[in-house]
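**Q** below are the sequence and a predicted model for it; my questions follow.
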Amino acid sequence: LELLSGALPVGGPGIVVELDDGGALEDGVVDPESRVQDVDLKMVVNALWAAGAEAMAVNGQRLTSLTTVRTAGETIWVNFVPLTPPYRVEAVGEPSALQTRFARSSAAATLVSLESTYGITATVSTAEELALPAGSGRALRYATPASGVTSSTSTPTQEETP
């Protein structure tokens, strides 16, 4: 269960999808429309899970069932860690099957569109050996009944309600 939940590091062959922001404006600032967005990373990650990935990491941040991928300001955060481009998505699994299934996904077609429209670059390559770290290890929290607390069992009647 630790392996499946991401609590242990994992390694093996797989594929790497790398996304990078598009071209810069004249003053060297990246055009906001040509930035990789959190939804772009989520799309790639979901397509790789659907393609059969056994484990994944984005810029060294292991993806687990507790992972968040979100944008705050102009920064993409994974597991509450800010990332900078290029965004390297590493997926462990059988490389040729992952690559073929990913290439057939709507995510791959969307990446082509992002490149032609916004200049966002996307490359897909196979890797003989990937080494993904264990997940962040955040503890799950849950509610428990408070001890020693009494509550009123009476409820207001119609007449008592103002």
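**A** Sure, I can see it. Because the structure is a prediction, the values reported are computed rather than measured.
**Q** how many neighbouring residues does the closest residue to A50 other than its chain neighbours have?
**A** Closest residue to A50 apart from its sequence neighbours, by C-beta to C-beta, 6 or more residues apart in numbering: S105 at 6.8 Å. All C-beta spots, glycine's among them, are computed from the backbone N, C-alpha and C. Applying other C-beta atoms under 10 Å, we find 17 residues neighbouring S105.
**Q** hey, where'd the strands end up in the protein?
**A** Using DSSP state E, the strands found in the chain span residues 10-20, 55-58, 61-62, 69-72, 75-78, 81-83, 87-92, 121-132.
**Q** now these in JSON lines, with mean neighbour count, mean pLDDT and distance to R101?
**A** Converted to JSON lines, these look like this (neighbours: other C-beta atoms under 10 Å; pLDDT from 0 to 100; distance: least, C-beta to C-beta, whole Å):
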{"stretch": "strand 10-20", "mean neighbour count": "19", "mean pLDDT": "96", "distance to R101": "10"}
{"stretch": "strand 55-58", "mean neighbour count": "24", "mean pLDDT": "96", "distance to R101": "14"}
{"stretch": "strand 61-62", "mean neighbour count": "22", "mean pLDDT": "94", "distance to R101": "22"}
{"stretch": "strand 69-72", "mean neighbour count": "14", "mean pLDDT": "92", "distance to R101": "21"}
{"stretch": "strand 75-78", "mean neighbour count": "20", "mean pLDDT": "94", "distance to R101": "23"}
{"stretch": "strand 81-83", "mean neighbour count": "14", "mean pLDDT": "95", "distance to R101": "25"}
{"stretch": "strand 87-92", "mean neighbour count": "22", "mean pLDDT": "97", "distance to R101": "11"}
{"stretch": "strand 121-132", "mean neighbour count": "15", "mean pLDDT": "96", "distance to R101": "12"}
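**Q** mind putting the ones you listed in CSV, distance to S34 included?
**A** Listed next are the strands of the chain as CSV, based on distance: least, C-beta to C-beta, whole Å:
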stretch, distance to S34
strand 10-20, 10
strand 55-58, 20
strand 61-62, 23
strand 69-72, 15
strand 75-78, 14
strand 81-83, 17
strand 87-92, 14
strand 121-132, 10
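**Q** can you tell me which of those strands is nearest to A143?
**A** The minimum distance between A143 and the strands of the chain falls on strand 69-72, with 24.6 Å, by C-beta to C-beta.
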